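K.L.:
take a look and give me a structure for this.
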Amino acid sequence: MEKFLERYSSKITGVLSTFDRMIFKGHILSFFQRSSRHHYLFQEKVLFKNFGTYAKRVSEVIKDNASNLAVKEGRPRVYLNSSRDSKEGIARKIMEEDKIQEGLICVLTCVEPCLAFDVRGNKENKKLEVVLRERKCLFIYFYYQHKEFGFMHVRLQTWFPFQIQIYINGREWLTKQLDGKGIGYQRYDNSIIQVDDVKRAQEIADQFITINFAKAFDAISRQINPVMPKIKKVFSKGYYWVLDQGEYATDVMFKDRQSLEGIYPELVEHALVNFNASDVMTFLGRKLTGNFQGEIITDTKKRPQGVRIKHRMK
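P.N.:
Below is the predicted model of the structure:
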């Protein structure tokens, strides 16, 4: 990057690096231990044979809470027949049409695959036990224009063990910060193409890692999952938060379109020619060994915004 910036310094006005798309997941760790699952049901005075009826009743509490939140905020609640529908596209359209500046945008629901509780008989001891298995259940998507994180969503599983996923975007957070500090910028889609004070903007972007994400996410989970107080009473703890996916991106800001177009073909060729299979494997966290079975592919696609180059493994 340093060589690139030095070579084209006359065409570039600034460089800004920050976290981009990030997915955090919340796990109630005690639920993944069989003895703890059984302990929870014992505290709830639920027999294993009655677990299905009990779980449905708890799920209805979560669904009703989501409906009540939507009604309270005057926001739409939409059931999606297919998990392939673009939830983000639907939410952004609602946000634009209703001119939502802050708060809940909409609540979307959809049936999707999940890892969830079920009761099965143990052939060895001839007893029922609560197990985790693959099945389908209803998920609730809460889309927000959050006062701190900007456009984001929360995905909540309505069946035990109530897995939760939170998507945020580092650039959304950064632009909120720039707005608050009166620093002008221009944004195109998910990139920043101009900033009045690049140095100050980078200093602000570097503060993203200091956020107490667990505290912020706990506050959100308490609002959308009404079962949490009961879970915390039994286990003395709530969700354990982990970063499931994270992207870190760099925006290179050019003086004008002509400055970029003049070197664009060279950049595309460099990305295609200068990365090989071993580079891609190390990017994706794999070690170079002779045991690898599969393909590593680099391909390109032309889109309205330009050329997309992707390196794929298996």
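K.L.:
quick check: buried residues in the helix or strand where Leu178 lies?
P.N.:
Here Leu178 sits within helix 170-180, counting by DSSP states H and E. Within helix 170-180, the residues scored as buried using 16 or more other CB atoms under 10 Å are 170-178. C-beta coordinates here come from the backbone N, C-alpha and C atoms, glycine included.
K.L.:
now do stretch 77-89
P.N.:
78, 80, 87.
K.L.:
report the contact partners of the residue nearest to the second one when sequence neighbours are not counted.
P.N.:
Just to be clear, that refers to Leu80. Of all residues not flanking Leu80 in the chain, Cys110 sits nearest, at 4.3 Å (CB to CB, 6 or more residues apart in numbering). Cys110 is in contact with 79-80, 82-83, 85, 87, 138-139, 141, counting by CB atoms under 8 Å, 6 or more residues apart in numbering.
K.L.:
likewise for Val268?
P.N.:
Contact partners of Val268, counting by CB under 8 Å, 6+ apart, are 300, 307, 309.
K.L.:
let's see 6 Å
P.N.:
Val307 (CB atoms under 6 Å, 6 or more residues apart in numbering).
K.L.:
give me the element it is part of.
P.N.:
helix 264-273.
K.L.:
and what of Phe4?
P.N.:
Following DSSP H and E, one finds Phe4 within helix 2-7.
K.L.:
and that helix, which residues are buried?
P.N.:
Within helix 2-7, no residue qualifies as buried by neighbour count (16+ other CB under 10 Å).
K.L.:
which elements pack onto the next helix or strand after it?
P.N.:
On the C-terminal side of helix 2-7, the closest following helix or strand by DSSP H and E is strand 12-27. Packed against strand 12-27 by the contact rule (3 or more CB pairs under 6 Å, 6 or more residues apart in numbering; DSSP states H and E) you find strand 164-169, helix 170-180, helix 198-205, strand 240-254.
K.L.:
dump these into JSON lines; add mean pLDDT and distance to Lys93 as well.
P.N.:
Shown next, in JSON lines, are these (pLDDT from 0 to 100; distance: least, CB to CB, whole Å):
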{"stretch": "strand 164-169", "mean pLDDT": "98", "distance to Lys93": "18"}
{"stretch": "helix 170-180", "mean pLDDT": "96", "distance to Lys93": "17"}
{"stretch": "helix 198-205", "mean pLDDT": "97", "distance to Lys93": "29"}
{"stretch": "strand 240-254", "mean pLDDT": "94", "distance to Lys93": "24"}
